[in-house]
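Novice: compute the structure for the input listed below.
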Amino acid sequence: AVVSTQSTGWNRLTRKLAIRRSLPEAMVARRRRKRSSLIPTWDEEDFQTAFEVFDRDKNGTITREEVVTVLHTLGQEADLVEIDQLIREIDVNGDGQISLLEFKTMMELLMKTSQEDERQLVEDTFEEFDMDGDGMIGVEDLAYIFRKLGDHEMTREELEQMIVDATGNTMSKTITFREFKAVVKEH
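Specialist: Next up, the predicted model:
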């Protein structure tokens, strides 16, 4: 019997590609409940919770060093020059520290950048999977990628099921970019 790859094949693939971002543990449960895109939409409570997590000395502001922690937690790398530039851009009162309101502005900016990075990552990944450049991913393309990622356990039937899961069509033998993007976003 073929195991449904809706829960195994695509999950395994997206996990291996590390498309998901991790957030502070305090927000993981909320993120899962409202995940509707690759980057979650935050509400005021999310911003407040995150601010409190990163304001380690609990003085109501986030310092340059704490901004480094924010970026690291979000999987973003920046040198001190870039961090200073970011702080200057969002520090409306010029005190060199980030208030809750400024933190919200910073996070919205970082999320927008992350969303653009995610879109580019999905496009790049699709292009890498599309071995012959025809704008479609087939079973052989998926088999090659799984092997390249060190996973030699996927059967042809499981790979074919991944295509069916992505397209919703039992007769389909390939995945378009639109279908790929939707299934990756889902996982």
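Novice: figure out how far the strand or helix carrying residue 101 is from the centre of its chain.
Specialist: Under the criterion of DSSP states H and E, residue 101 resides in helix 100-129. Taking C-alpha atoms, centre = their mean, to the nearest Å, one finds helix 100-129 lying 8 Å from the centre of the chain it belongs to.
Novice: tell me what it is packed against?
Specialist: Secondary-structure packing of helix 100-129 (3 or more C-beta pairs under 8 Å, 6 or more residues apart in numbering; DSSP states H and E): helix 44-54, helix 64-73, helix 80-90, helix 139-148, helix 177-186. Placement of C-beta: from N, CA and C, glycine included.
Novice: among those helices, which is nearest residue 120?
Specialist: helix 177-186 (11.9 Å; C-beta to C-beta).
Novice: circling back: show me what counts as buried in the helix holding residue 101.
Specialist: Of the residues in helix 100-129, those buried under the neighbour-count criterion (16 or more other C-beta atoms under 10 Å) are 100, 102-107, 110-111, 114, 118, 121-122, 125-126, 129.
Novice: tilt between that helix and helix 44-54?
Specialist: Our comparison of helix 100-129 with helix 44-54, counting by axes from the mean of the first three to the mean of the last three C-alpha atoms, to 10 degrees, yields an angle of 90 degrees.
Novice: mean confidence (pLDDT) on helix 100-129, please.
Specialist: Taken as a whole, helix 100-129 carries a mean pLDDT of 79.
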